[in-house]
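[1] Here is the input, now give the coordinates:
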Amino acid sequence: MRRTISDLARGVYAHSEHTDVADRQARRYHPYSFDFDSTPLSLRNPEEHWDEQVKQLHLENRARQIKRLELEYGALNIDEVLKNTIDLGPKSMSLLTYHNRLHQQARSAFVAGFYYPALVAACALGERILNHLVLDLRDNFKSSEHYKKVYRKDSFDHWPFVVSVLTDWSVLADGVGAEFLALGELRNRSIHFNPETYQSLRADALGALQRLNAVIAMQFGYFGRQPWFIENTPGAQFVKRAYEEHPFVRTYVIPRSGFVGPLYGMELSEQGFWTHLDYADYGDADLSDEEFATRYRDRDPAAVVSRQMIEATRGRNSPI
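    Model prediction:
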C-alpha cells in the first residue's frame with residue numbers, strides 16, 4: 001500500500017513518520033514559525049527620492065509606531081525611546097525557540113534607557129544560547145574527543161572552549177563563532193567589576209545587543225545563507241536533503257517545519273498561526289535540491305494548494 005501524507009494523523013507535521021512517505025524524495029522541510037521586529041525601519045525619515053505616495057504611507061505608519069511606543073514606554077522620554085529604537089535596529093528574523101522572549105526583554109530594556117540591565121541580559125542570553133547548543137546536541141557526538149569533557153556538566157561559562165567544541169561539531173553557521181567570542185569579551189569586561197563600564201554603558205549595551213542579534217540571525221535565522229537551506233528559493237527556505245539528519249537542523253529547524261512539495265500553500269488559522277496546505281502525493285519524482293528550487297520558483301500560481309481548492313474538491317477522489 002502506498003503511504004502518503006494524508007495517511008498520517010499530523011500530516012506534514014508528523015516528523016517521525018516521514019521516512020515512510022512514498023513521495024518523500026519530492027518533499028523538503030519548510031520552517032514556518034518565526035519572530036522578528038522591523039519597527040526601527042519604520043521610524044526613519046522618508047528618503048527624498050521616494051514617490052510622494054510612498055512617503056505619505058511611510059509617515060502614516062511612522063506616526064502609528066510612535067503612538068504605540070508612547071503607550072508602551074510612556075511619553076515623558078519618547079525622544080530617547082525613539083533614538084534607542086532606531087539605533088538598535090530591527091530584530092532579525094529567527095526561529096521560534098527559547099531565546100525569543102528573552103531577546104525581546106533585553107531589547108526593551110535598552111529602548112527604555114535601562115542600559116546596564118540590557119547589557120547584562122544580552123551577555124547572559126549569549127551564554128544561555130551557548131549552553132543550550134551544547135546540552136541539547138552533545139548526545140549526537142558521543143564519539144567526539146570533546147564528549148568526555150562535556151557530558152557530565154550542566155553548564156559552561158568558558159566561552160572560547162564552548163565555541164571551539166561547537167565549531168568542531170560543525171554546529172555553528174559561518175561567522176557565528178566570531179560573534180560569540182566578541183560578545184564574550186564584552187561580557188567579561190562588563191560583568192566583572194570594571195569602573196570604566198560606567199562611562200560606556202550605552203555603547204556597550206548597544207554593542208552587546210547587536211552582537212547577540214547577529215548570532216541569532218546567522219544561527220537561527222532564515223535568510224542569512226545558512227548552509228542547511230537550499231539556495232535560490234526567494235520568499236521561503238527549505239532544508240537541504242543532506243542536512244535533514246544534521247543535529248542542529250533535526251533539533252531546532254525540523255520540529256518547526258512542514259514536510260512539503262513545491263506546490264504547497266499556506267493558510268492563517270483563526271488562532272493566528274500559519275499552517276501548510278499541500279497535495280497528498282507528488283508521485284515518484286526524485287528531486288535534487290536544485291530541481292526542487294526550480295519547481296518552487298517556476299510553479300504555476302493556479303496549481304498552488306489553497307483552501308478554495310480543497311473545498312472545491314472535497315468528497316471527490318482528489319490528490320489534495
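
[2] How about the residue nearest the centre of the chain: what's its closest non-neighbour residue?
    By C-alpha atoms, centre = their mean, the chain has its centre lying nearest to Ser94, at 1.9 Å. Distances taken as C-beta to C-beta, 6 or more residues apart in numbering put Phe220 closest to Ser94, at 4.5 Å, once the chain neighbours are dropped. For every residue, glycine as well, the C-beta is placed using N, CA and C.

[3] could you list every residue that touches the one you found?
    Ser94, Leu95, Thr97, His99, Tyr252 (C-beta atoms under 8 Å, 6 or more residues apart in numbering).

[4] Distance to Asp204 for these - can I get that in TSV?
    Below are those laid out as TSV (distance: C-beta to C-beta, whole Å):
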residue	distance to Asp204
Ser94	23
Leu95	27
Thr97	26
His99	20
Tyr252	29
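
[5] can you give me the helices for the stretch 151-300 of the chain?
    Ranges of helices in the stretch 151-300 of the chain, per DSSP state H, counting those that start in this stretch, are 159-168, 176-191, 201-220, 247-248, 289-297.

[6] can you give me the angle the longest one makes with helix 159-168?
    Right, the one you point to is helix 201-220. 20 degrees (axes from the mean of the first three to the mean of the last three C-alpha atoms, to 10 degrees).

[7] Buried residues, helix 201-220. List them.
    Of the residues in helix 201-220, 202, 204-220 count as buried by neighbour count, 16 or more other C-beta atoms under 10 Å.

[8] And for the first one?
    Within helix 159-168, the residues that qualify as buried by neighbour count (16+ other C-beta under 10 Å) are Trp159, Val162, Val163, Val165, Leu166.

[9] which one among those residues gets closest to Arg152?
    Using C-beta to C-beta, Val165 is the member of these that sits closest to Arg152, with 14.2 Å.

[10] Could you find the closest non-adjacent residue to that closest one?
    His146 (4.6 Å).

[11] Go ahead and confirm the one you found touches Leu166.
    No. Using C-beta atoms under 8 Å, His146 makes no contact with Leu166, being 9.3 Å away.

[12] re earlier: quick check: the residue nearest to Ser94 vs Ser306, distance?
    For Phe220, the distance to Ser306 equals 30 Å [C-beta to C-beta, to the nearest Å].

[13] just Arg152 next, same as before
    Per C-beta to C-beta, Arg152 is found 52 Å from Ser306.

[14] Have a look at those two and say which one is more surrounded.
    Ser306 (16 against 6; other C-beta atoms under 10 Å).

[15] What about His246, how many residues nearby?
    Neighbour count for His246, taken as other C-beta under 10 Å: 20.

[16] show me where the stretch 1-150 of the chain has strands.
    28-31, 34-37, 91-95 (DSSP state E, counting those that start in this stretch).

[17] need the least confident one among those strands, by mean pLDDT.
    Lowest mean pLDDT within these: strand 34-37, at a mean of 86.

[18] Listing partners with orientation, what would you give for that one?
    According to DSSP bridges, strand 34-37 forms sheet pairs with strand 91-95 (antiparallel).

[19] who touches stretch 57-65?
    Residues contacting stretch 57-65 (C-beta under 8 Å, 6+ apart): Thr39, Ser42, Leu43, Pro46, Trp50.

[20] same thing but 7 Å
    Outside stretch 57-65, the residues that touch it by C-beta atoms under 7 Å, 6 or more residues apart in numbering are Thr39, Ser42, Leu43, Pro46.

[21] Ok, stretch 269-277 next?
    Residues from elsewhere that reach stretch 269-277, judged by C-beta under 7 Å, 6+ apart: 12, 32, 258, 260, 264-268, 305-307, 310.

[22] what do you get if the cut-off is 10 Å, keeping everything else the same?
    Stretch 269-277 is contacted from outside by 5, 11-13, 30, 32-34, 257-260, 263-268, 304-307, 309-310, 320, using C-beta atoms under 10 Å, 6 or more residues apart in numbering.
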